[in-house]
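Colleague: Have a look; sequence and predicted model below, questions after that.
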There are 2 protein chains.
Amino acid sequence: MKITKSSMSPFLCFSFFFLLQFPLISFSKTTPAGARFPSSLITPEKVSASAQNKLYRTKYFTQVLDHFNFYPKSYQTFQQRYLINDTFWGGAKNNAPIFVYTGNEGNIEWFAQNTGFLYETAPHFKSLVVFIEHRFYGKSIPYGGKKSVAYSNATTLGYLSSTQALADYASLIIDLKKNLSATDSPVVVFGGSYGGMLAAWFRLKYPHVTIGALASSSPILNFENITSPYSFNNIITQDFRSESENCYKVIKGSWEQIEDTADQPGGLELLRKSFKICKNYISADYLEDWLSTAYTYTAMTDYPTPSNFLSPLPAFPVKKMCEAIDDPTTGNDTFAKLYGAANVYYNYSGTVTCFDLDDNSDPHDLGGWSWQACTEMIMPTSGNNEDSIFPASDWDYKHRASACKSIFGIKPRPLWITTEFGGHDIERVLKRYGSNIIFFNGLRDPWSGGGVLKNISKSIVAIVAKEGAHHVDLRFKSSEDPEWLKDVRKQEIKIIAKWISQYYHDLAQLF
Amino acid sequence: MKITKSSMSPFLCFSFFFLLQFPLISFSKTTPAGARFPSSLITPEKVSASAQNKLYRTKYFTQVLDHFNFYPKSYQTFQQRYLINDTFWGGAKNNAPIFVYTGNEGNIEWFAQNTGFLYETAPHFKSLVVFIEHRFYGKSIPYGGKKSVAYSNATTLGYLSSTQALADYASLIIDLKKNLSATDSPVVVFGGSYGGMLAAWFRLKYPHVTIGALASSSPILNFENITSPYSFNNIITQDFRSESENCYKVIKGSWEQIEDTADQPGGLELLRKSFKICKNYISADYLEDWLSTAYTYTAMTDYPTPSNFLSPLPAFPVKKMCEAIDDPTTGNDTFAKLYGAANVYYNYSGTVTCFDLDDNSDPHDLGGWSWQACTEMIMPTSGNNEDSIFPASDWDYKHRASACKSIFGIKPRPLWITTEFGGHDIERVLKRYGSNIIFFNGLRDPWSGGGVLKNISKSIVAIVAKEGAHHVDLRFKSSEDPEWLKDVRKQEIKIIAKWISQYYHDLAQLF
C-alpha cells in the first residue's frame, strides 16, 4: 500500500515547538488527549535555580488588552510579565543599550534560560537585558491571569495576535525607558523562531523603538506562496540523508511497515512492545506522529553540543539517531532501529521505562499556538515530495481551515501576515527600505527554508551557517562550541556594535 | 477684564476641517446644536457634475471590520468605497503605476474633487488613480452602512481608528492589484492633512504595499510634547499680522469688547445686529467661536488663487479679511470691521441675509472625527501665548479627557499615536531608516507647526513653501498659480518619477 501522510494521520503541521504534528482530536476541548509534546521527558531548568543564579528579576507591566480598538472592552488591562537583568548595565546617564528579547509562544522563563547570547554579551555592551513575555503565554494572561477564561473561546482568545504582541512590546519598552530615565538608550531586539519573526517585524514596524533586530531562525517567508511548502520536511530529509543514505531509507520505508503491522492481528501489541509504549492508547497514527516528532525536533535541535532545550540531547543528535538506525547489531529489525533512534530524542537519559503516546502536558505553556495557527500563522510546511523522509503529501489548507472551524468556530486569515508584514519580493521591497536587521539561519534547521538567506541591503543582512540548527547562535556558549558558531556570534556582535556606534554618532550630531 | 479662552468658551480645538473650535455641548447626542461647521454656506462641487466629468467611477470593496483581532465579531465586513480613474493608466502589462489617495476624515468625493494633482499628473505617469474612503466616513460605514448603528456608541465606534484604516488600505490595494493582474505595478500614496499623515504612516508601516508617499500638510509631529501647543494659533496670528499690524490688533482686542458688550443690557441684540446673526440662539461664546472659525479656516486655506474647499473664497483671503478690518470707512467700529472680515469667509458670494450660529450640518460627513479626537488623535493645538490673536490660554488635556468621558464614556489614549507611529526624535529615527516620503508644508498653514520641515535623509525630504497654505500643492492647478506653487509641484513630480524609475530598475535587476 502506498501511504500518504494525509491518509496516514489527520495531523496538522503547525508550530515551532509545540504540536508540530498534531492529531485533530487534540484540539478538541472535550478530548484533550492526543497532543504529545514529549513534556514529561523534558527536564527544563528549574526557575528557582535560575533565580538563584540571578539570571533575572521578574516584573510586571500593566498592558492594555487591545491597542487598535477603542471600545470600552479594549480598555481592559492585564499584567504582562518581563524579566530583567541590570548586572552589567552601563546606566541611563551613559545611554547604555537595552537588549530586549521579544518573547514567543511560551513561558518566557524557558526562553530566558535558553538564550545565553543576551547575558553573555551584556558585559561587552554594558547592556540591560530584558525578556518580555508574549501575551496569553506563561504568566501574561489577560482576564485577571485566569487561563481558563482567556482560553475559553474565540471571543476571549481574539486578543491573541502578533500585531497586538508587537504593540505590547512597544508600549512596555517605551514605558520602561521612561521609568529608567533612559529614553536615549538604544534598544536592540532579539528573538528566535517565532520570537525572531517578532523581532524582525518589530524593527520594521517600530523603528522609533528599536535601532536593530537580530532575528534568529525566523521563517518570515513561510507564508502564503512565498516559499515551498515542501521545504520544511525536505530539510529534515536532507539532515538525515546527510548522515547516511541507509538511515534515510530505513525511516522512509518504515511508515508502510508500521501501517501494515498495525493492520495485522496483534500488530498493535507488537508495535507497543517494539517501541516500549505504555499500556494505554496506541494506534499507527499515534505512533507515527510520535516518531515524526522525534525526527523533526531532533533535526531542529541538531546542535553541535549537548543540549536540553526541547529534550536532553547529545551533540549532533541526528547523527546519533542514524547511528542507532545503522547499528549492525539490529540486523534487519526496522522497529528495533527506529526504537533506537526514538530513544535518542525521548530517552537520552535512559530512565524511561515506557513511552506515553497520550502525553499532552505542556510545561512551557505553549498551548496558545493552536489559536495562532488557526488565525494568522498559516505556514504551509507539511508538504512532502516523493523524496521526503515522510510519506508524500501536499500542504492542505482546507484541512487546516476545517479543523479550525470545528475547534474555534473561526476561519483562518491566510493572507493577513503578508498583508501586514509583507514577505513577497522581500529583496526588492527592503533593498531601499529599512535597516539594521540580522537574519540568522542554520541550514540544518527545517525552518530555514522559510528564512531570509540572502543579504538584502548593506544593513539588512543574512548570516547563514551550513551546520547550524534552530537559533543555535542565541544559546549559551559552551567550551565545545565549534569555530563556525563562535564566528557567527562574533559577526553578530560586530554588526550590533556598529548599529550602536552609529546610533551614538547620530545622537551626538543632533545635539 | 482679562479674558482667557477657557473662560470665554468651553470649546475644544480638535480637527483639521471639522469643529475646530467645538463647544462641548455640540458633542452631546441629546443637544446636537452647537457644532457649527459653516456647511450651509459651502457649495461643494456636485457629485453628479463630477461623474459627468468622468473624474472617477465608484466601486466598493468588502473590508474586514477588525484586522488585528480574531474574535468572531471581528470577522464582520463592511463595504468600503473607492473611486477609480483608469483613463490614463498604462496598464498592468507595462507595470504602470497606481496612485492612491489615502482618504481622510470625510466623504472621499470631497477629497477627490479637491485633489487635482493625482488626475493632472496621471497622463505624465500613465498612472491609475484611486481614492479610498476612510472607514466610518462617507459611504464606508460598517454595520450594513447604517450610520445610526455605527455611530451609536463607543462599542460600535471602537473600530474607527487610524491603524485599522491603514490596514484597510493595505488590504484593498493588495486585492485590487491582484484583480487587475497588476501585482508588479508600483503604488504611490498621496494624502493631505490627516490623509497626509495616513500616507506617510502607510509608507512607514507598509513599504511592501507602497513605494513612496507624498504627505501634504500632515502634522505628524503634533502629538504629545513633540511640538509646541502654541504653534497652531501662533501661525494664524502670524498670517494676519503679516498682512497688517492693525488687523492683528483689532482682532486681538475684539474678544474683550465682544464679552463686555454681551454682558450689557441689550448687548447680545447689538451683536446680533452688528454681525447679521439670524433670530435664533446667540451668545458671546457662540459668536466668538464663529469668528475664530472664520479666521482659522481662512488661514488654513489662504490660497493664492480663488478656491472653494471649505467655503468659496477669493485669492489671498487673509489679506482680504485684513483689508476689511483696515477699511478706513468703518472708522472705529470694531464690530463693523469684524463683520467685514467674517463676510469674506462666510459670505463671499454675497447672498447671505443672516448667519446661523447654530448650524451644525455636516455635508462632508466629517462627524467621526469627534470620536477620533477622543481616542487617539490627541493633538495639543489650542494653546495661545500672550502674542496670540486669540486670548491667552494653555492646551488643556484634562478638559479634552473630561469631555470625551462625558460624551463617549471612554478615556483618550494620548500616548498611543507616538507609540505606534513615532514622532519623537524623528530626524534621528528616520535618518537611517525608511525612504521615499515627501513632506510638503506651506508655512501659512496653521498645521505646518506640527509638520516635518527639514529633510531627514536623501529620500525622506521636506518641501516647504513660505507662502503656501493647507495642502495647496494637491489642488487642481489654475492658470493663476504663482511660480513657487508650480515649482513645488515640479519638485514633487521629479521626486516621484525618481522613485518609480528606481523601482523599475530594481524590478529589472531581480529578474
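Modeller: Looks like it came in fine.
Colleague: C-alpha only now, for contacts and for neighbours.
Modeller: OK.
Colleague: Show me what from the stretch 301-450 of chain A comes close to chain B.
Modeller: Neighbours of chain B within the stretch 301-450 of chain A, by C-alpha under 8 Å from any C-alpha of the partner chain: A:375, A:409-410, A:419-424, A:426, A:428-430, A:432-435.
Colleague: hang on, A:S193 packs against A:H470?
Modeller: Yes. Between A:S193 and A:H470 a contact is recorded at 7.4 Å, counting by C-alpha atoms under 8 Å.
Colleague: For the two, list the residues in contact with both.
Modeller: By C-alpha atoms under 8 Å, 6 or more residues apart in numbering or on different chains, A:S193 and A:H470 have these common neighbours: A:216-217.
Colleague: just the buried members of the residues of the stretch 301-450 of chain A next to chain B?
Modeller: Buried subset of those (neighbour count, 16 or more other C-alpha atoms under 10 Å in any protein chain shown): A:375, A:409-410, A:419-424, A:428-430, A:432-435.
Colleague: Now the two most distant members of those residues.
Modeller: The span of those, defined through C-alpha to C-alpha, is set by A:G409 and A:R432 at 41.6 Å.
Colleague: Next, give phi and psi for A:N280.
Modeller: phi -130, psi -150 (degrees, to the nearest 10).
Colleague: Might you report the residue contacts of it?
Modeller: A:356, A:358.
Colleague: Need phi/psi at the closest residue to A:N222 other than its chain neighbours.
Modeller: What sits nearest to A:N222 in space, not counting adjacent residues and going by C-alpha to C-alpha, 6 or more residues apart in numbering or on different chains, is A:G450, at 4.4 Å. Main-chain torsions, A:G450, degrees, to the nearest 10: phi -100, psi 10.
Colleague: Distance check, A:G450 against A:R413.
Modeller: 19 Å (C-alpha to C-alpha, to the nearest Å).
Colleague: Between the two, which has more neighbouring residues?
Modeller: A:G450 (24 against 17; other C-alpha atoms under 10 Å in any protein chain shown).
Colleague: my guess is the more buried one meets A:P219, correct?
Modeller: Yes. A:G450 is within contact range of A:P219, at 4.2 Å (criterion: C-alpha under 8 Å).
Colleague: Identify those among the residues of the stretch 301-450 of chain A next to chain B that sit within helices.
Modeller: A:375, A:419-421, A:426, A:428-430 (DSSP state H).
Colleague: Max pairwise distance over these: which two?
Modeller: A:T375 and A:R428 (27.9 Å).
Colleague: give me the low-pLDDT residue ranges for chain A?
Modeller: A:1-53, A:511 (pLDDT under 70).
Colleague: Just give me the longest helix of it.
Modeller: Counting residues, the longest helix found in chain A (DSSP H) is helix A:483-510.
Colleague: Just confirm yes or no for that one near chain B.
Modeller: Yes. Using C-alpha under 8 Å from any C-alpha, helix A:483-510 comes into contact with chain B via A:506-507, A:510.
Colleague: filter these to the buried ones?
Modeller: Buried among those (16+ other C-alpha under 10 Å): A:506-507.
Colleague: for the residues of helix A:483-510 next to chain B, which one is nearest B:S459?
Modeller: Nearest member of these to B:S459, counting by C-alpha to C-alpha, is A:D506, at 17.4 Å.
Colleague: tell me the contacts of that closest one?
Modeller: B:R428.
Colleague: what helix or strand is A:V209 on?
Modeller: Assessed by DSSP states H and E, A:V209 sits outside every helix and strand.
Colleague: Contact partners for it?
Modeller: Per C-alpha under 8 Å, 6+ apart, neighbours of A:V209: A:170, A:173-174, A:187, A:203, B:422.
Colleague: now do 6 Å
Modeller: With C-alpha atoms under 6 Å, 6 or more residues apart in numbering or on different chains as the criterion, no residue contacts A:V209.
Colleague: ditto for A:A122
Modeller: A:A122 touches A:F88, counting by C-alpha under 6 Å, 6+ apart.
Colleague: next one: phi and psi at it?
Modeller: The phi/psi pair for A:A122 (degrees, to the nearest 10) is phi -60, psi -40.
Colleague: Skipping adjacent residues, who's closest to A:Y119 in space?
Modeller: A:V129 (6.8 Å).
Colleague: which SS state does that neighbour fall under?
Modeller: strand (DSSP: H, G, I helix; E, B strand; the rest coil).
Colleague: And for it, the neighbour number?
Modeller: A:V129: 25 neighbours (other C-alpha under 10 Å).
Colleague: what about it, distance to A:I98?
Modeller: From A:V129 to A:I98 the distance is 6 Å (C-alpha to C-alpha).
Colleague: Also A:G144?
Modeller: Taken as C-alpha to C-alpha, the span from A:G144 to A:I98 is 29 Å.
Colleague: can you check A:T351 too?
Modeller: For A:T351, the distance to A:I98 equals 42 Å [C-alpha to C-alpha].
Colleague: likewise A:Q80?
Modeller: 18 Å.
Colleague: Start and end of stretch A:306-320, how far apart?
Modeller: The first residue of stretch A:306-320 is 12 Å away from its last residue (C-alpha to C-alpha).
Colleague: try stretch A:368-384
Modeller: 26 Å.
Colleague: hey, where'd the strands end up in chain A?
Modeller: A:12-13, A:21-22, A:57-64, A:77-85, A:98-102, A:128-132, A:187-192, A:212-216, A:307-308, A:312-313, A:437-442, A:460-465 (DSSP state E).
Colleague: More neighbours: A:T351 and A:I98, which one.
Modeller: Counted by other C-alpha under 10 Å, A:T351 and A:I98 do not tie: A:I98 has more neighbours, with 27 against 9.
Colleague: I'd assumed A:F190 was in contact with the more buried one.
Modeller: No. A:I98 is beyond contact range of A:F190, at 10.8 Å (criterion: C-alpha atoms under 6 Å).
Colleague: Quick one: residues contacting A:L268.
Modeller: A:A262.
Colleague: Could you measure from it over to chain B?
Modeller: Distance, A:L268 to chain B, by C-alpha to the nearest C-alpha, to the nearest Å: 41 Å.
Colleague: isn't A:H470 right up against A:R444?
Modeller: No. Judged on C-alpha under 6 Å, A:H470 makes no contact with A:R444 at a distance of 7.8 Å.
Colleague: Can you give me the buried ones in stretch A:346-366?
Modeller: A:346-348, A:355-366.
Colleague: repeat for stretch A:315-333
Modeller: A:316-326.
Colleague: One more: stretch A:299-317?
Modeller: The neighbour-count check on stretch A:299-317 (16+ other C-alpha under 10 Å) flags A:299-307, A:309-314, A:316-317 as buried.
Colleague: end-to-end on it?
Modeller: For stretch A:299-317, the first-to-last residue distance is 8 Å (C-alpha to C-alpha).
Colleague: And for stretch A:260-278?
Modeller: OK, stretch A:260-278 end separation, C-alpha to C-alpha: 21 Å.
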